[in-house]
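> return atomic coordinates for the entry below.
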Amino acid sequence: MPPTNDVLVSRRGADLATAEITRPLILLFSTAVGVIVTNLFAPQTLVGPIAASLGIGADGSGLVATATLLGYAAGLFLLVPLADLAENRRLIVRQLTAATLAAGLAALAPSAASLLALLFVLGAACSAIQILVPIAAAMAPAEERGRVIGDVMSGLMIGILLARPIASFIAGSYGWRPFFGTSACAMAGLTLVLAWRLPRRQPATRASYPALIASLWHLLCREPVLRRRAWTASLAMAAFSLFWTAIALRLARPPFGLAQHGIALFALVGAGGAVVTPIFGRWGDRGWTRPATIGAHLTMIASLAIAAWAGALDARLPALALMGLAAVLLDVGVTGDQTLGRREINLLNPEARGRLNGLFVGLFFVGGAVGSSVAGFAIDRGGWPLVCAIGAGFGLLALLTDLVGRRQI
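You can find the predicted model right below:
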């Protein structure tokens, strides 16, 4: 079990005010968020084997896919605000210790009810991601903040995109329980490294916890940048979730005819879009936030047009190549919007950085949930063309927000 005592937490690492962001530290932050986030999306791939193993019916199987996400949403609004109240390194270590235990116990869960409860706890503990990202941003000079956030976000997006194929490969070879065992080991090692290397950050806020939670609404009303960036990020995440929820169904049908491992490999192709994330961060540092955001949303719309074209072809290889291109471009657009949005959010009130990040991610998380829920309806009513049309509509709404200008919404 990873240690949580104050001796270990205090043994190494400077205060945040004097710590410098270095390439090894950026790599650590990027790796950390990538490892942690796999816990949130992997269960969506494991629904089938988990349901068969624990005797979960069709009605309950959906809870397996959403339990970690629901826990994560709870953590964003109830745990992440603590970053503005409690010492951040200790808070992160404790959350990741809880995640380690939850993942290890999930591998041994004897019943559906116990597994769902553990997955909820696992998701809530993984909200430590949104404490790590602001720490990295705070360590960077203002003129380099976009680059640093972009580098860290590339790890996050790669983790999101690799979660499903990694889970598929492990479950296909060894079963679903070894996946959670592997995750517990990875989280334990990560907890030890972060306890050793993270700088300390003691917030200046002296408010009570209830007052801190109550302030979330006031922050949302007071910060137009937060509202605008959360709105476009929600639309981008809705398009992303819609596409990646529906694509497995489309790839299983002609002309693609991919099996589970083939779909997992396709997801690896989509991960290539995350490599441009640092570029968007650098563009933000150069003052190109608005044109880069417009470009990101245009890229999203174009990607869904290409996806619709690919779905209409009869030739397997050209259709697969175009669909892969569409997946990469969509990921480029979505990660671009999120990277630029995070940069702007982290340039706002430093004393409220934890709450601002929790609100930003929590709100665009709602967009992701909307996209996933719409996918089944779209496939059933209009097939792949309707999926692409709705996704492009989300991108168009985000683009209109850009073109209207920086008015308060």
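
> once you drop chain neighbours, what's closest to residue 241?
Distances taken as C-beta to C-beta, 6 or more residues apart in numbering put residue 371 closest to residue 241, at 3.4 Å, once the chain neighbours are dropped. C-betas here are computed from N, CA, C, even on glycine.

> tally of neighbours for that neighbour?
27 (other C-beta atoms under 10 Å).

> can you pull the pLDDT of it?
On pLDDT, residue 371 comes in at 83.

> that one: what secondary structure?
helix (DSSP: H, G, I helix; E, B strand; the rest coil).

> OK, contacts around it?
Residue 371 is in contact with 237, 238, 239, 240, 241, 242, 243, 245, 391, 394, counting by C-beta atoms under 8 Å, 6 or more residues apart in numbering.

> quick one: which of those has the most company?
residue 239 (33 neighbours).

> mind listing what's buried along the host helix or strand of residue 226?
Here residue 226 sits within helix 224-251, counting by DSSP states H and E. Residues of helix 224-251 classed as buried: 225-248, 250-251 (neighbour count, 16 or more other C-beta atoms under 10 Å).

> now do that helix, average pLDDT.
Rounded mean pLDDT across helix 224-251 is 89.

> which other helices and strands contact that helix?
For helix 224-251, the packing partners by 3 or more C-beta pairs under 8 Å, 6 or more residues apart in numbering; DSSP states H and E come out as helix 209-222, helix 260-270, helix 289-312, helix 316-345, helix 353-404.

> and those helices: which comes nearest residue 135?
Taking C-beta to C-beta, helix 353-404 is the member of the helices and strands packed on helix 224-251 nearest to residue 135, at 8.9 Å.

> quick one, the closest one and helix 289-312 angle?
Angle, helix 353-404 to helix 289-312, by axes from the mean of the first three to the mean of the last three C-alpha atoms, to 10 degrees: 70 degrees.

> surely residue 264 is in contact with residue 165?
Yes - the criterion here is C-beta atoms under 8 Å, and residue 264 meets it with residue 165 at 3.7 Å.

> so who does residue 190 touch?
For residue 190, the contact set (C-beta under 8 Å, 6+ apart) comprises 31, 32, 35, 36, 96.

> any chance of those in CSV with secondary structure as columns?
Shown next, in CSV, are the contacts of residue 190 (three-state DSSP):
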residue, secondary structure
31, helix
32, helix
35, helix
36, helix
96, helix
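
> and which of these is nearest residue 121?
Out of those, the member with the shortest distance to residue 121 (by C-beta to C-beta) is residue 96, at 12.4 Å.

> residues near the nearest residue to residue 259 once chain neighbours are set aside, how many?
Spatial nearest neighbour of residue 259, excluding adjacent residues (C-beta to C-beta, 6+ apart): residue 252 at 7.8 Å. Neighbour count of residue 252, defined by other C-beta under 10 Å: 14.

> gap between residue 252 and residue 264?
Here residue 252 is placed at a distance of 12 Å from residue 264 (C-beta to C-beta, to the nearest Å).

> spell out, range by range, the strands that occur in the stretch 1-150 of the chain.
With DSSP state E, counting those that start in this stretch applied, the stretch 1-150 of the chain shows no strands anywhere along its length.

> please enumerate the helices of it.
For the stretch 1-150 of the chain, the helices defined by DSSP state H, counting those that start in this stretch cover 6-11, 23-45, 47-54, 58-78, 88-106, 112-125, 129-139, 145-174.

> rewinding a little: the helix holding residue 226: how far from the chain's middle?
11 Å (C-alpha atoms, centre = their mean, to the nearest Å).

> angle of that helix against helix 209-222?
Put simply, helix 224-251 runs at 90 degrees to helix 209-222, going by the same axes, to 10 degrees.

> what angle sits between helix 224-251 and helix 316-345?
160 degrees.

> count of residues packed around residue 145?
Counted by other C-beta under 10 Å, the residues lying close to residue 145 total 23.

> re earlier: which one of the contacts of residue 190 has the most neighbours?
That'd be residue 32 among these, by other C-beta under 10 Å, with 28 neighbours.

> now that residue: how far from residue 352?
23 Å.

> next one, pLDDT for residue 335 please.
Residue 335 is given a pLDDT of 87.

> could you chop the chain up by domain?
1-203, 213-409 (automatic domain parsing).

> rewinding a little: format the contacts of residue 371 as JSON lines; extra columns: distance to residue 27.
As requested, those are exported to JSON lines (distance: C-beta to C-beta, whole Å):
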{"residue": "237", "distance to residue 27": "26"}
{"residue": "238", "distance to residue 27": "31"}
{"residue": "239", "distance to residue 27": "30"}
{"residue": "240", "distance to residue 27": "25"}
{"residue": "241", "distance to residue 27": "28"}
{"residue": "242", "distance to residue 27": "32"}
{"residue": "243", "distance to residue 27": "29"}
{"residue": "245", "distance to residue 27": "31"}
{"residue": "391", "distance to residue 27": "33"}
{"residue": "394", "distance to residue 27": "33"}
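
> quickly check these for the two that are furthest apart.
245 and 394 (13.2 Å).

> surely residue 307 touches residue 244?
No - Residue 307 lies out of contact with residue 244 (C-beta under 8 Å); the separation is 11.3 Å.

> what's around residue 286, how many residues?
Considering only other C-beta under 10 Å, residue 286 is surrounded by 11 other residues.

> the one 3 residues further on now?
The local packing count at residue 289 equals 19, with neighbours defined by other C-beta under 10 Å.
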